[in-house]
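1. Fold the following and give me the result.
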Amino acid sequence: MNGESFGPYVLHECLGAGGMAIVHRATKEIGAGVVREVALKRLLPQLANDKLFTEDFIREAKLAAQLDHPNIVHILELGEVDGTYFIAMELVRGASLVQLMKQAYATKLTAPIGVVLSLICELCDALDYAASGRGIYGQPLRIIHRDLTPSNLVITDEGRIKIIDFGVAKAMSGKFMTNTGMIKGKLGYMSPEALAGGNAIDGRTDIFSVGVVAWELLSGRRLFRGINEYEVITKIRSGEISPPSMHHFECPDELDAIVLKALARTREDRWQDAASMRAALDKLRPHFRDGPPQVAAWKESLIPSERPIRVETKTDVHESPTHVRSLAEGSIRQPSESMEITGVHSLTDERTRNELPSGRAVTDDDDEATTLDAVISGPSSESRD
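-> Numbering: from 1, shown residues only. Sure thing, here's the model as predicted:
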C-alpha cells in the first residue's frame with residue numbers, strides 16, 4: 001500500500017480498520033513543494049454502494065466539521081474519488097487511551113491522580129464546547145458524542161487528550177438530527193438511557209461515559225465487564241459500583257464523589273452538564289497540579305513516542321489521473337450551510353439531509369468492540385483493541 005495514489009493523496013501505512021472504513025497515513029502536496037500529512041479515512045469498497053453506510057460516513061464528517069476545539073480532532077477535507085468517499089483528518093501523534101490503560105494494567109501502574117484530573121478536565125471542556133458552545137460562525141452546536149470510550153480518545157505526545165471519532169454523534173437540532181431507536185456505542189461505556197434507545201438521550205449520556213472512563217483510569221480495570229452482552233447490560237443497570245479509592249488508595253473522597261455522581265443511573269442525579277463536572281474537578285486542582293507535561297511523561301513511560309515524520313519538504317507526490325470530487329476542502333470547520341455550497345448536499349437527497357440514519361448497533365466484546373484508531377500515529381497500529 002505504501003506509495004499508492006488515491007486522488008491527490010499518496011497512501012502510506014495503515015493506521016486502523018473497522019467495519020465501516022479503513023484509515024491510512026497519507027500525504028498531499030498543497031503547493032510550493034509543501035506536503036500536508038493527514039489521516040485518510042476511506043469507506044470500505046464493499047460499502048460504497050450501500051446508501052445507509054454512505055450517509056453515515058458523510059454525516060460523520062459534516063458533524064465533526066462543525067467542531068473547532070483543541071481537544072477534538074479537526075476535519076480537513078471530505079471528498080470522493082471514483083465512487084469512494086473519504087475524510088481527511090488531522091494526524092495526531094500519540095497513543096489511544098485504551099492502549100495506555102492496557103499497558104498500565106500489564107505493568108500494574110495506576111495513573112497518578114493529577115494525570116487523571118488533567119485528562120478528565122480537558123475531556124469535559126471538549127464535551128461542553130460540543131454540547132453548548134458555538135461554531136466559528138456563531139451557530140449553536142448542541143452535539144453529543146454517544147460513543148466515548150478509551151478507544152476514541154488519544155493522548156498526544158504533548159500530553160493533551162483528543163476525541164477522535166464523532167462517528168455516532170447526535171446533533172440535537174436541524175438537519176443533523178438522527179433517527180431514534182438504534183443502540184449505538186460500545187456497551188461497557190453506554191448509559192442506562194442509551195441502552196434503552198429512543199429519544200431520551202441528551203448530553204448527560206456523555207457524562208456517564210466520562211464517569212466510566214475516569215473510574216477505569218483510577219481503578220486500573222474495567223468497570224462493566226461480563227461474559228456476554230446480557231451480563232454487561234445488567235451490570236450497567238443495577239450492578240454495584242465501588243468507589244475508585246477501593247482500587248487506588250491515593251484517590252481522595254472528593255474525587256470518589258465526583259466520579260460516582262457522573263455514574264448515577266438516573267440522569268437527573270448526575271452532573272447536568274460537562275461544565276458542572278469540570279467546576280467540581282477544578283476544586284481539587286490546587287492539590288493536584290499535574291498538566292500536559294506530567295500527562296506526556298506518564299504516556300511516555302508506558303508507550304514511548306515515535307519521532308514525527310518530517311513532511312514540509314519537496315516530494316515526488318504525483319497527482320492521480322482519477323476523478324476527484326472535493327466536497328468540502330481546506331478549512332471546513334464551519335456550519336453545514338457553508339459546506340453545502342461546496343457540493344456536500346449533492347450526495348444525498350433532501351430527505352436524507354434532514355433525516356440521516358443512526359446506523360447499526362455496535363456491541364462490546366470481552367476487551368472492547370473493534371475500534372478504528374482513526375488518526376493515531378504511534379508505535380502501535382492495532383485495528384482491534
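
2. Show the pLDDT at Gly203.
-> Gly203 carries a pLDDT value of 90.

3. and if you look at Arg353?
-> Confidence at Arg353, expressed as pLDDT, is 30.

4. in the protein, which spans are helices?
-> When assigned using DSSP state H, the helices of the chain occupy the ranges 51-64, 97-106, 113-132, 192-196, 204-219, 229-238, 253-262, 274-282, 292-302, 336-340, 350-354.

5. could I get those as JSON lines with mean neighbour count and distance to Ala88?
-> Quick note: C-beta positions are derived from backbone N, CA and C, even for glycine. What follows is the helices of the chain, written out as JSON lines (neighbours: other Cβ atoms under 10 Å; distance: least, Cβ to Cβ, whole Å):
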{"stretch": "helix 51-64", "mean neighbour count": "22", "distance to Ala88": "9"}
{"stretch": "helix 97-106", "mean neighbour count": "19", "distance to Ala88": "23"}
{"stretch": "helix 113-132", "mean neighbour count": "23", "distance to Ala88": "21"}
{"stretch": "helix 192-196", "mean neighbour count": "17", "distance to Ala88": "30"}
{"stretch": "helix 204-219", "mean neighbour count": "25", "distance to Ala88": "26"}
{"stretch": "helix 229-238", "mean neighbour count": "15", "distance to Ala88": "35"}
{"stretch": "helix 253-262", "mean neighbour count": "18", "distance to Ala88": "34"}
{"stretch": "helix 274-282", "mean neighbour count": "18", "distance to Ala88": "28"}
{"stretch": "helix 292-302", "mean neighbour count": "18", "distance to Ala88": "25"}
{"stretch": "helix 336-340", "mean neighbour count": "17", "distance to Ala88": "14"}
{"stretch": "helix 350-354", "mean neighbour count": "13", "distance to Ala88": "22"}
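
6. Gly79: which of those helices is closest?
-> For Gly79, the closest of the helices of the chain is helix 51-64, at 9.4 Å, according to Cβ to Cβ.

7. what residues go with each domain of this protein?
-> As given by automatic domain parsing, the domain ranges for the chain are 4-92+307-358, 93-302.

8. low-confidence ranges in the stretch 101-250 of the chain?
-> Under the criterion pLDDT under 70, the flagged ranges of the stretch 101-250 of the chain are 167-185.

9. what's the distance between the nearest residue to Leu148 once chain neighbours are set aside and Thr107?
-> Nearest in space to Leu148, with sequence neighbours left out and distances taken as Cβ to Cβ, 6 or more residues apart in numbering, is Ser209 at 3.8 Å. Distance of Ser209 to Thr107, given as Cβ to Cβ, to the nearest Å: 26 Å.

10. One more: Ile72?
-> 30 Å.

11. Which one's more surrounded, these two?
-> Comparing Ile72 with Thr107 by neighbour count (other Cβ atoms under 10 Å), the higher total belongs to Ile72, at 22 against 11.

12. partners of the more buried one in the sheet?
-> Following DSSP bridges, Ile72 is listed with bridge partners Ile163.

13. my read: it touches Ile161, true?
-> No - under the criterion of Cβ atoms under 8 Å, Ile72 makes no contact with Ile161, lying 9.8 Å away.

14. joint contacts of these two?
-> Counting by Cβ atoms under 8 Å, 6 or more residues apart in numbering, the shared contacts of Ile72 and Ile161 are Ala126.

15. Which strand residues bridge Glu4?
-> According to DSSP bridges, the residues that bridge with Glu4 are Leu11.

16. Look at it and report its pLDDT.
-> Taking Glu4 on its own, its pLDDT is 89.

17. Could you check how far it is from Ile113?
-> Here the distance between Glu4 and Ile113 works out to 46 Å (Cβ to Cβ).

18. Redo the helices of the chain as a markdown table? Include distance to Arg25.
-> Formatted as a markdown table, the helices of the chain follow (distance: least, Cβ to Cβ, whole Å):
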| stretch | distance to Arg25 |
| --- | --- |
| helix 51-64 | 18 |
| helix 97-106 | 17 |
| helix 113-132 | 24 |
| helix 192-196 | 33 |
| helix 204-219 | 27 |
| helix 229-238 | 34 |
| helix 253-262 | 35 |
| helix 274-282 | 31 |
| helix 292-302 | 20 |
| helix 336-340 | 25 |
| helix 350-354 | 31 |
